[in-house]
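Novice: how would this look folded up:
(3 chains)
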Amino acid sequence: MFDRSNEILRHGLTNKSFVIGGVVSLVFFLIAILSYLWTPHPIDNIDIKNKLLGPCWTYFLGTDHFGRDIFSMLIMGARNSVIVAFVAIGIGIGIGVPLGLVAAAEKGWVDELIMRFNDFTFAFPSLISAIMITAILGPGAVNSVIAIGIFNIPVFARVARGGALSIWKKEFILAARSAGKKKLRISAEHVLPNIFSILIVQATIQFALGILAEAGLSYLGLGTQPPAASWGKMLNEAQTFLHFAPQLAIYPGAAIALTVLGLNLFGDGLRDVLDPKLRRNR
Amino acid sequence: MPLVRIDNLVKDYALPKKYLFRKAPVFRALHNVSFDINTGDNYGIVGESGCGKSTLARIVMALDQPSSGTVYYQDRDLFTIPAHELRYLRRHFQMIFQDPYSSLNPRKKILSTVSEPLDVLEKGISNKTREERVKEILNDVGMSSGDIDKYPHEFSGGQRQRIAIARALITRPSLVVADESVSALDVSVQAQVLNLMMDLQAKYNLTFVFISHDLSVVEYVTSKMVVIYLGRVVEQGKTGEIFQNPMHPYTQLLLEAIPSADPLKKRRRKKRKVPAGTVHRNGCPFIDRCYLAQTICREQVPLLLDSGQGHSVACHVVNS
Amino acid sequence: MTLLQVKNLNVTIETPYGPVEIVKKANFSLDKNDTLGIVGESGCGKSVTALAIMSLLPPESIVSGQILLEDQDLLLLNEDQLCNIRGNRIGMIFQEPMTALNPVQTIGFQIAETLMLHKKLKKAQITAQVKDLMEKVGLDVNRFPLNLYPHQLSGGQRQRVMIAMVIACRPDLLIADEPTTALDVTVQEQILDLINDLAQRYGMALIMISHDLGVIAQTTKNVMVMYAGTVMEKGKTIDVFQNMAHPYTYGLFASIPKPGSSRLGTKQPLYSIPGHVPDLRNSFKGCRFADRCFRAQKQCSLKEPSHTTLGNGHDVWCFHPLAGKKDHDAAG
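Specialist: Numbers count the residues shown, from 1 in each chain, chains lettered A, B, ... in the order given. Coordinates of the predicted model:
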């Protein structure tokens, strides 16, 4: 396993989108971790005297209409995005992957049931449904995480099932069955490790989508609640001042765009790097 | 008591539905296949691709359910005994697969691949015994005991097949089904693996079932064989006898088609005319390729009849 | 008259592990109407040699030497000129007709395509020719209309379509790369007969590539044995197969069970070549077969073997070739 990860890294370093996306994503994660250790100012530090300042030495990127430090809010917003997206992916993987594995292992009516449930979930536009769920459960960070997570379930179920079906055709699965192993055990021991790479790639993409969804919900006031910082909420608050303080909207907007772009690039690069077939053709 | 008795196996597969509310049509992959495998008698199963020989192998290994009929392993019916008993019984019959690249999990070390059958069949053995067993069997198949920490991609095709053989033999089975196990290998490596299998047979008192489209291999390693055509046994008997005196026109066709490696021995192909005529639904399945075809062949499926000394043929003309 | 002459063909592929010589110093020639078999195990360079003749190797491969089709060196031609040669003067039949045929086009169109590309013909003429070709490869147009798709045919029938496409322009040279490996033995016989018949009828030279000694014995007059990218032995098929001089050729023959032999009767193991095919990424100083060879001596792994002529075009690249039956018996 060890020499394989070395090999992946070596091939990865020749892949542009893997490197650029990786660096952007890494910076994003480091900033999120940084928020636990240090922010230039506490984000609930309201300083009305110094509201709507431009960039200066005390406030790197200026202040908002309450005089809060924008740079600190961006750092806290990154943490918020990471947590929401991580938990949402956790829900998706934790429920979706087992469902997909079971569907591929059992086939027949179990498969049919799981996949039709999947189709049912897919039939609703995810963001609008997330709005509906948070509207019913009440706005808040936890509920928005659940809403985003629910829509990750069918995505992971489908990806896991597709990957698992091709693994089930391999002869080492037959060998495991000849050894008397049960289907669920085979799924865990043989199938899962072999679809791991496609799940990782999908997780990166869902991560970016999760950040976007969280920003969307917070923008609508359904996600993270004040005084916690969120890029979506920052955008929402900025729109009132768009004419005379456009920087308030530009900073969180750029943060969202850059992070999502970076993660998507990284996901694309990772797929190319992990897939030996693509690697050879290049 | 035969080691394995294959009793009237029938296997139907559902084809894709043509109409939404009608029953799906079925394709019969095996038609009433019966034969016995005795301890020490290597059995060959021969036929073209799609004739049902791999389906048969999977059913004998209890990896697939038959539609009707059954398989007895030492008088125990594999498909009626309780699941846990079957799981225990599996240690006695193992399989070697065709493709050495797909039969080993690329993400597992050789130790865990080879010892896999022990996980269930001999639960509770210590890690130390397990490792010793793996090393011992690896030595038996001509690999080194230092290979246990390697991954499959570090080995050549022939070596991988040796590892697959080690996995099949680690539970000390009495029956090993080899499904096209040497056909993916290069000629020079194929001979090594065949020799290895024969040596192990003597050492472990194994009985092999060889499924192969390569007739020279079957002739070399088996003592009895069946020829299958479109899911039916058309000829059955001692291997030497069938090769010397093939009676079914299909067997004749198969044997004549093997290109000889001797350039002086041009094919002894006999130009035989296949009489034309409409094929009846219930007729002999081979009729549209058969030079012996007669009226009765168009109307009835021939039965597998013993023509003396255990050599049976399913052909109206030969049997009359 | 010589149709194809390959001189000092080297094929090297750049890999992350450095350059790998997958064909080294291959020399052979082929007369009009003649047949040549290339036999060897996987990775011996037999398919690469064929692709080199077609100039169809991937761009990262470096080809040197000369491939003369009559007086034209194919390695000096540009892509446009090569397109004129491929299909028109050299045709190639591949192993797996399902992947070699386009699944979304009808077989009639695919056969017609080569004709449209290389010959200026009217539509009606093309249809007539396509039908004619179908008959020639043994596909009855009434049972197999031109608007069928490849997946509606069996493997053997698809291979017949492939052959029809290839012979459409009556190439001077037909290359068949393992044309029957994916087929059943009874179908294999029919396809080999068809290829041989057509080659003879239209005066096409044939290069038959196979790992199966039987296929080569039954379809070719000359043969070349390759191992790990190098030619080991070549000559008339009868000479090489009856009186093999290279220990490798001997090993190949001894490794296949003889007709009528049974392990159960003799108890004697099948002859087998020890070890396995070398990794071509290694560097070789001497004979590439040396470490598996039962006659190898010190110099074999130090110096490349020069070739020895045994007469009648029978050449062997070995320091210690087997001489006649006495050596064969001693080896077995």
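Novice: could you give the average pLDDT over stretch B:284-292?
Specialist: Here stretch B:284-292 scores 86 as its mean pLDDT.
Novice: CA atoms only: put it into CSV for me.
Specialist: Once non-C-alpha atoms are left out, stretch B:284-292 reads as follows in CSV (Å, rounded to 0.1, in the frame of the first residue of the first chain):
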residue,chain,number,x,y,z
CYS,B,284,-31.3,-32.9,-32.1
PRO,B,285,-29.5,-29.6,-31.3
PHE,B,286,-26.5,-30.5,-33.4
ILE,B,287,-28.6,-31.2,-36.5
ASP,B,288,-27.7,-28.1,-38.6
ARG,B,289,-24.0,-29.1,-38.4
CYS,B,290,-24.4,-32.8,-38.6
TYR,B,291,-23.4,-34.9,-41.6
LEU,B,292,-25.2,-37.9,-40.4
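Novice: can you tell me the closest non-neighbouring residue to residue A:143?
Specialist: Among residues not flanking residue A:143 along the chain, residue A:137 sits closest, at 4.2 Å (Cβ to Cβ, 6 or more residues apart in numbering or on different chains). To be clear about C-beta, it is placed using only N, CA and C from the backbone, and glycine gets the same treatment.
Novice: got the residues of chain A near chain B?
Specialist: Residues of chain A lying close to chain B by Cβ under 8 Å from any Cβ of the partner chain are A:1, A:170-172, A:174-181, A:190, A:193-194.
Novice: and if we set it to 6 Å?
Specialist: Residues of chain A lying close to chain B by Cβ under 6 Å from any Cβ of the partner chain are A:170-172, A:175, A:177-181, A:190, A:193.
Novice: same question, the stretch 51-200 of chain C
Specialist: Counting by Cβ under 6 Å from any Cβ, the residues of the stretch 51-200 of chain C that sit close to chain B are C:184-186, C:189.
Novice: looking at those, which are in helices?
Specialist: Within those, membership in helices is found for C:185-186, C:189, as judged by DSSP state H.
Novice: any idea how far the residue nearest to residue A:143 lies from chain B?
Specialist: To chain B, residue A:137 is 40 Å away according to Cβ to the nearest Cβ, to the nearest Å.
Novice: quick one: buried residues of stretch C:146-165?
Specialist: Applying a neighbour-count criterion of 16 or more other Cβ atoms under 10 Å in any protein chain shown, one finds C:146, C:148, C:150, C:153, C:155-165 buried in stretch C:146-165.
Novice: which one among those residues gets closest to residue A:91?
Specialist: Nearest to residue A:91, judged by Cβ to Cβ, of the buried residues of stretch C:146-165 is residue C:150 at 45.4 Å.
Novice: correct me if wrong: that closest one contacts residue C:102.
Specialist: No - counting by Cβ atoms under 6 Å, residue C:150 does not reach residue C:102; the two are 7.4 Å apart.
Novice: what is the neighbour count of residue A:124?
Specialist: Residue neighbour count, defined by other Cβ atoms under 10 Å in any protein chain shown, stands at 12 for residue A:124.
Novice: next: residue B:4.
Specialist: Neighbour number of residue B:4 under other Cβ under 10 Å is 24.
Novice: and the nearest residue to it once chain neighbours are set aside, what does it touch?
Specialist: Beyond its immediate neighbours in the sequence, the residue positioned closest to residue B:4 (Cβ to Cβ, 6+ apart) is residue B:37, lying 4.2 Å away. The neighbours of residue B:37, taking Cβ atoms under 6 Å, 6 or more residues apart in numbering or on different chains as the test, are B:3-4, B:43.
Novice: so which of the residues you listed are in strands?
Specialist: In this view, the contacts of residue B:37 that belong to strands under DSSP state E are B:4, B:43.
Novice: ok, so of the contacts of residue B:37, who is nearest chain A?
Specialist: Checking the contacts of residue B:37 against chain A with Cβ to the nearest Cβ, the nearest one is residue B:4 at 14.9 Å.
Novice: looking at the closest one now. What's its pLDDT?
Specialist: The predicted structure scores residue B:4 at 95 on the pLDDT scale.
Novice: count of residues packed around the residue of the stretch 151-300 of chain C found nearest chain A?
Specialist: Chain A sits closest to residue C:281 of the stretch 151-300 of chain C, with a gap of 15.2 Å, by Cβ to the nearest Cβ. Residue neighbour count, defined by other Cβ under 10 Å, stands at 12 for residue C:281.
Novice: got the contact list for stretch A:158-169?
Specialist: With contact meaning Cβ under 6 Å, 6+ apart, stretch A:158-169 is reached by A:97, A:100-101, A:103-104, A:191, A:194-195, A:198, A:202.
Novice: just the element for residue 163, please.
Specialist: Because you didn't say which chain, this covers chain A. Residue A:163 belongs to helix A:141-168 when elements are defined using DSSP states H and E.
Novice: wrong one, chain C
Specialist: Secondary-structure element containing residue C:163, defined by DSSP H and E: helix C:155-167.
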